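> For reference, the sequence and a predicted model appear below.
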Amino acid sequence: MPQLYTKKVMKHFFHPKNMGEIKDADAIGKVTNPVCSDTMKIYLKIDKKNNKIKDAKFQTMGCAAAIASSDMTCELARGKTLKEALKINNKNILKNLGGLPCEKEHCSLLGEEALKNAISNYKNKT
């Protein structure tokens, strides 16, 4: 029987390093997929001196691909400026996870959209 998910996806699903909430987050982005109802919330802590993302956490209600995509999105965003983080897209997330099955690729798009939503939320506040 072929394995649906790569070892990297399974690692990020079973042992996510970025799961949780940042209580005093500078920005929060939330998206829900209207078809499957997966919901992703990303919290960002931003260094206001240089506009770099100091910390990124997530809370996701969804499948293994959604959780792994959330964890990878946070990993990719941490340490980047807001401008650099806006360039993170679902293709970056997919590549860093080693791919997802076609029917699960929309989960990586949730990561991209939640991150962009959080950055937009921050810019609107400042």
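That came through, no problem.
> Could you pull out the helices in this structure for me?
7-14, 64-77, 82-85, 90-97, 106-125 (DSSP state H).
> Please identify the buried residues of the shortest one?
This means helix 82-85. For helix 82-85, a neighbour-count test (16 or more other CB atoms under 10 Å) marks Leu82, Ala85 as buried. No exception for glycine: its C-beta is placed from N, CA and C like everyone else's.
> which outside residues touch it?
Ile46, Asn51, Lys52, Ile53, Leu76, Ala77, Leu115, Ile119, Tyr122, Lys123 (CB atoms under 8 Å, 6 or more residues apart in numbering).
> so the fourth one touches Arg78, yeah?
Same thing as Ile53. Yes. At 5.6 Å, Ile53 and Arg78 qualify as touching, with contact defined as CB atoms under 8 Å.
> Which of the two has more residues huddled nearby?
The neighbour count for Ile53 versus Arg78, taken as other CB atoms under 10 Å, is higher for Ile53 (25 against 18).
> Just the pLDDT at the more buried one, thanks.
Predicted confidence (pLDDT) for Ile53: 98.
> now do Asn96
97.
> Also Phe58?
Per-residue pLDDT puts Phe58 at 98.
> burial measure for Asn51, as a count.
Look at Asn51: counted by other CB under 10 Å, it has 17 neighbours.
> In contact with it, which residues?
Shown in contact with Asn51 (CB under 8 Å, 6+ apart): Thr81, Leu82, Lys83.
> circling back to that earlier point, for Ser70, state which of the contacts of helix 82-85 is nearest.
Leu115 (9.7 Å; CB to CB).
> Against Asp47, how distant is the residue nearest to Asn18 when sequence neighbours are not counted?
Of all residues not flanking Asn18 in the chain, Cys74 sits nearest, at 3.6 Å (CB to CB, 6 or more residues apart in numbering). Applying CB to CB, to the nearest Å, the value for Cys74 to Asp47 is 16 Å.
> Ile28 now?
Plainly put, Ile28 is 17 Å away from Asp47 if you go by CB to CB.
> quick one, which of those two is more surrounded?
Taking other CB under 10 Å, Ile28 and Asp47 do not tie; Ile28 has more neighbours (17 against 13).
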